[in-house]
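J.: Predicted model and sequence follow; I will ask about them next.
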Amino acid sequence: MGGFGGSGSRGRVNTLNPNATWIVNSGFVIWYIGVFCIVHLSILSMPFLSTSWAWTVTNLAHAIVTFYLFHWMKGAPVPTIEDAAKETQWEQMVTIDDEEDPVRNKKFLQLFPVIPFFLAIEYSFHHNVHFVINLAALLLCVIPKIPGVEGTRLFGLNRF
């Protein structure tokens with residue numbers, strides 16, 4: 001099995017698509033958290049934003065950027081697989097055996113948006129406006145990652 005990584009049969013990652021392999025590397029989680037912290041500290045350093053608004057803006061920015069990069073933008077930077085042109089980044093992160101158990105970093109990406117949501121709510125002292133904005137951001141991050149929603153194009157948007 002020269003084109004596939006890993007020695008076990010369970011949860012092996014499809015390495016034929018280099019567009020999807022960078023996310024399953026062991027250092028991805030550390031890199032992701034580091035980038036999130038740097039962005040948050042940059043937003044927090046803006047003197048015109050309070051701490052509650054800084055957390056809300058960070059959460060909203062995270063939601064919009066990850067939605068665009070993982071669930072809207074299609075294709076691969078290197079034309080390796082024909083199907084990659086029709087799939088989003090999230091859809092390209094599949095296991096060989098198409099098991100229901102996704103790879104570890106995919107689970108991390110599914111669960112991580114909950115942490116900024118709770119932090120933003122806590123630092124905004126449960127203010128209604130912040131809650132609605134942060135809940136919308138959380139839903140924008142979580143709903144597209146539900147396994148039953150993969151490949152679904154709501155209202156026909158982004159289907160081509």
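T.: Ah, there it is.

J.: May I have the phi/psi pair for F125?
T.: phi 60, psi 40 (degrees, to the nearest 10).

J.: That one reaches W55, doesn't it?
T.: No: taking contacts as Cβ atoms under 8 Å, F125 lies outside contact range of W55: 10.9 Å. For the C-beta atoms, the positions are set from N, CA and C on the backbone; glycine is no exception.

J.: quick one, which of these two is more surrounded?
T.: Per other Cβ atoms under 10 Å, whichever of F125 and W55 has more neighbours is W55, with 24 against 9.

J.: for that one, helix, strand, or coil?
T.: helix (DSSP: H, G, I helix; E, B strand; the rest coil).

J.: Please report how far W90 lies from F117.
T.: W90 sits 19 Å away from F117, going by Cβ to Cβ, to the nearest Å.

J.: sorry, that was for Y123
T.: 11 Å.

J.: which one of those two has more residues nearby?
T.: Remark: of Y123 and F117, F117 carries more neighbours, 22 against 18, as counted by other Cβ under 10 Å.

J.: Spell out the residue ranges of the helices in this structure.
T.: 18-21, 28-44, 51-66, 89-92, 104-111, 114-123, 128-142 (DSSP state H).

J.: Please identify the buried residues of the first one?
T.: Under the neighbour-count criterion of 16 or more other Cβ atoms under 10 Å, helix 18-21 has N19, A20 buried.

J.: about what we covered before: among the helices of the chain, which is nearest M73?
T.: helix 89-92 (6.7 Å; Cβ to Cβ).

J.: So which elements touch that closest one?
T.: helix 18-21 (3 or more Cβ pairs under 8 Å, 6 or more residues apart in numbering; DSSP states H and E).

J.: which residues sit in contact with F117?
T.: For F117, the contact set (Cβ atoms under 8 Å, 6 or more residues apart in numbering) comprises N59, N134, L135, A137, L138.

J.: want to throw these into JSON lines with distance to I30 and neighbour count?
T.: As requested, the contacts of F117 are exported to JSON lines (distance: Cβ to Cβ, whole Å; neighbours: other Cβ atoms under 10 Å):
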{"residue": "N59", "distance to I30": "20", "neighbour count": "28"}
{"residue": "N134", "distance to I30": "25", "neighbour count": "25"}
{"residue": "L135", "distance to I30": "28", "neighbour count": "14"}
{"residue": "A137", "distance to I30": "23", "neighbour count": "25"}
{"residue": "L138", "distance to I30": "23", "neighbour count": "20"}
